[in-house]
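Colleague: Structure for this input, please:
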Amino acid sequence: MLDNIIDNLKDDIVKTTQELIKIPSVYSKSDDNSKPFGKNVNSALEYMLDLGKKLGFRTKNIDGYCGYIEFGEGDELVGIIGHLDVVPEGTGWTFPPFSATISDGKIFGRGAIDDKGPMVASLYAMKAVMDNYKLNKRVRLIIGLNEENDWKCIDYYKKHEEAPTVGFSPDADFPCIYAEKSILSCYIKQNYTTNNSDKIKIKEINCNNNALNVVPKFCSLVLETNEKEININDLIETLKHYIQENSFEIDIYKLSSNEVKLTSYGVGAHAAHPDSGINAISRLLVILALTFDYYNCNLELLDFFNKYVNTEYDGKSLGISCKDESGNLTLNVGDFSLENNILKIGMNLRIPINTSISDIENSFNILCNNYNNIEFETTSTEDFLYVPKDNKLVQTLCKIFNEETNSKAEPIAIGGGTYARAFKNCISFGPNFPGHKDMCHQTDEFVEIDNLILACKIYTKAIIKLGK
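Modeller: Model prediction:
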C-alpha cells in the first residue's frame, strides 16, 4: 500500500524538486535581519513552508534562520533534519545549474542530491504517513539554511526550539551512517607587502568564490615582474617547464611586458573526498612554489604549502598518525586569496574520530612558528559523530534499508558532516545508494528520479517505525 501511495506522488515529488532547484539558494551577506542568509536562501525557505501549509502540515518560520514542518501529536519528537542552501554553482555544467533539467531519468541541478531532492522526498514521506497512519509521536522536518557555511541556522534552532528525541538526516548515504569525522576549516596566512625591488609578485587571484568544502575546479592569478630583474618571456618559459613536468592543465597568457596570467583547471568534488577530484588551486600553488624558488624569491606561504600540504597530502606532514575505523585524515585546499595585503590559503580537513581537532590545530601552530610571517587561523569546527553499530537506531534504520532493497549492507563511516551530529540519538540516513557515484558539490550534480522515489519509500517506513 505504501509503495503505491508514493508512486502516485511521483509527479509531485519531481515537480517540487525542480521548483526548489530553480531557486539559487547560495548564501549571501544580508543586512536584512529577517533574511540572515540572503534573499535567495530565504525564498527557498518560504517556498518549502508554503508547500507544507498547502499539504496540511503545521509550519513555522524561525526568524528567517530556519523553519520546520510538522504533524502528529505526542510528547516525543521524531526529527528529520536537512538543508535548502547549496554551494556555489561552479562552471562547466552541461545544463544550467539552476534549470532543474530532466535528462536520462535524472534531475540535474545544484542541490538535486544535496539536499533539496532528499528534503522533498522526506516531506512527501511525511505526507504519506500523515494521511494514512496514526502515530503516537510528532514528526518534524527541520529546515536548515546555512549548512554549507557555519551552521548558524541549526545553532539558532537549538537555542529557540525543541530538540528531537530521535531522528535522522537525509544528507549522506544508505544504509546509514554510524560515524562522521570531525571537520576543521582554517587558513594559513601572511602579510604580503612588496616593493619595486621584488622580482615577482602576485597581483590578483580569482577562485570563483569557491567554498572550502568543495574541491576547486578553477583558479587564476596574475603575476607581475620587475622588468629589470626578470624578463617576462623567460618567466613564461620557466612556468611552461614546470607545468609540463607535472602534467598540469594550466594555461598561460602574456598580458603585457611585465604581466602574465595563469589559469588552472581541475575537477570539482566534495571536500570529504578530495581524491575524487582534481584541485585547481593546489596545482597552481605547486607551480608558484617551484617558480618562486627558482628565482630565489622567498615567499613563506608558498614554502609552507610546498613542505606541509602540497597535492599529495596524507596527514603525515603534520606529524600525527591519523587513521581509525572512520578513515584517514584528509585535507582540501578550497581557497587562495589576496585582500588588503593579506595572502591566504584556506583549507578544509576531515579528521578521524579518535584524533582531536585541537591536536591538528596545535600541529599547524607549531609548524607556523617555524616562519617569521605565517599565521594559522581556525574559522569553524564541527565535532565528530559516533553512534555504536549495535545502537538501536542504527540497527533499525539499517534493517529498513536492507528490507526495502533486499540487501545485506552494513552501517558505514563518512568524512562528510551532516546535521545529525547536532542532536543526540540522531544519525544520517541516505539518500545516496551503495555503488552509486556521489554527485554532492560536483559539476552536473543530479539525482536519479527512480532513486529519489525509492528513498521516499524508505523514509516513509522509517517515519512509521520511529513514530510508533
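
Colleague: If you average the pLDDT over stretch 127-146, what comes out?
Modeller: Summarised as a single mean, pLDDT over stretch 127-146 is 96.

Colleague: First-to-last residue distance for that stretch?
Modeller: 25 Å (C-alpha to C-alpha, to the nearest Å).

Colleague: Show me which positions of it end up buried.
Modeller: Residues of stretch 127-146 classed as buried: 127-130, 135, 137-146 (neighbour count, 16 or more other C-beta atoms under 10 Å). From N, CA and C alone the C-beta is placed, and that goes for glycine too.

Colleague: which residues in the stretch 151-300 of the chain form strands?
Modeller: 166-169, 172-173, 177-180, 182-191, 200-206, 214-215, 218-225, 250-254, 259-265, 269-270 (DSSP state E, counting those that start in this stretch).

Colleague: Could you report the pLDDT at residue 329?
Modeller: With respect to pLDDT, residue 329 scores 88.

Colleague: Check residue 192 too.
Modeller: pLDDT at residue 192 comes out at 88.

Colleague: Contact partners for it?
Modeller: Applying C-beta atoms under 8 Å, 6 or more residues apart in numbering to residue 192 gives the contacts 202, 301, 338, 341, 342, 343.

Colleague: repeat that for 6 Å
Modeller: If you count contacts by C-beta atoms under 6 Å, 6 or more residues apart in numbering, residue 192 has them with 341, 343.

Colleague: Distance of it relative to residue 135?
Modeller: Distance of residue 192 to residue 135, given as C-beta to C-beta, to the nearest Å: 59 Å.

Colleague: same question, residue 119
Modeller: The gap separating residue 119 from residue 135 is 20 Å, by C-beta to C-beta.

Colleague: now do residue 251
Modeller: 59 Å.

Colleague: Same question for residue 288.
Modeller: Note on residue 288: its distance to residue 135, by C-beta to C-beta, is 59 Å.

Colleague: Then residue 420?
Modeller: Residue 420 is 21 Å from residue 135, by C-beta to C-beta.

Colleague: what's the answer for residue 125, then?
Modeller: Applying C-beta to C-beta, the value for residue 125 to residue 135 is 13 Å.

Colleague: What of residue 433?
Modeller: 27 Å.

Colleague: can you check residue 359 too?
Modeller: Using C-beta to C-beta, residue 359 is found at 44 Å from residue 135.

Colleague: cool, and residue 298?
Modeller: 66 Å.

Colleague: for residue 55, same thing?
Modeller: For residue 55 relative to residue 135 (C-beta to C-beta), the value is 17 Å.

Colleague: Equivalent analysis for residue 350, please.
Modeller: For residue 350, the distance to residue 135 - C-beta to C-beta - is 36 Å.

Colleague: Kindly report the same for residue 287.
Modeller: 59 Å.

Colleague: Equivalent analysis for residue 347, please.
Modeller: Counting by C-beta to C-beta, the gap from residue 347 to residue 135 is 44 Å.

Colleague: Direction included, what does the helix or strand bottoming out on mean pLDDT in the chain pair up with?
Modeller: The least trusted helix or strand in the chain, going by mean pLDDT, DSSP states H and E, turns out to be strand 323-324, with a mean of 78. Here strand 323-324 is paired, per DSSP bridges, with strand 327-328 (antiparallel).

Colleague: State the next helix or strand along the chain beyond the strand it pairs with.
Modeller: For strand 327-328, the succeeding helix or strand toward the C-terminus, using DSSP states H and E, is strand 330-339.

Colleague: What residues of that next one count as buried?
Modeller: 330, 331, 332, 333, 334, 335, 336, 337, 338.

Colleague: which ones are touching residue 140?
Modeller: Per C-beta under 6 Å, 6+ apart, neighbours of residue 140: 68, 70, 77, 79.

Colleague: Sticking with it, tell me its helix or strand.
Modeller: Per DSSP H and E: residue 140 is located in strand 138-144.

Colleague: for residue 43, same thing?
Modeller: If you go by DSSP H and E, residue 43 is part of helix 39-54.

Colleague: and that helix, what does it pack onto?
Modeller: Under the contact criterion of 3 or more C-beta pairs under 6 Å, 6 or more residues apart in numbering; DSSP states H and E, helix 39-54 touches strand 58-62, strand 66-71.
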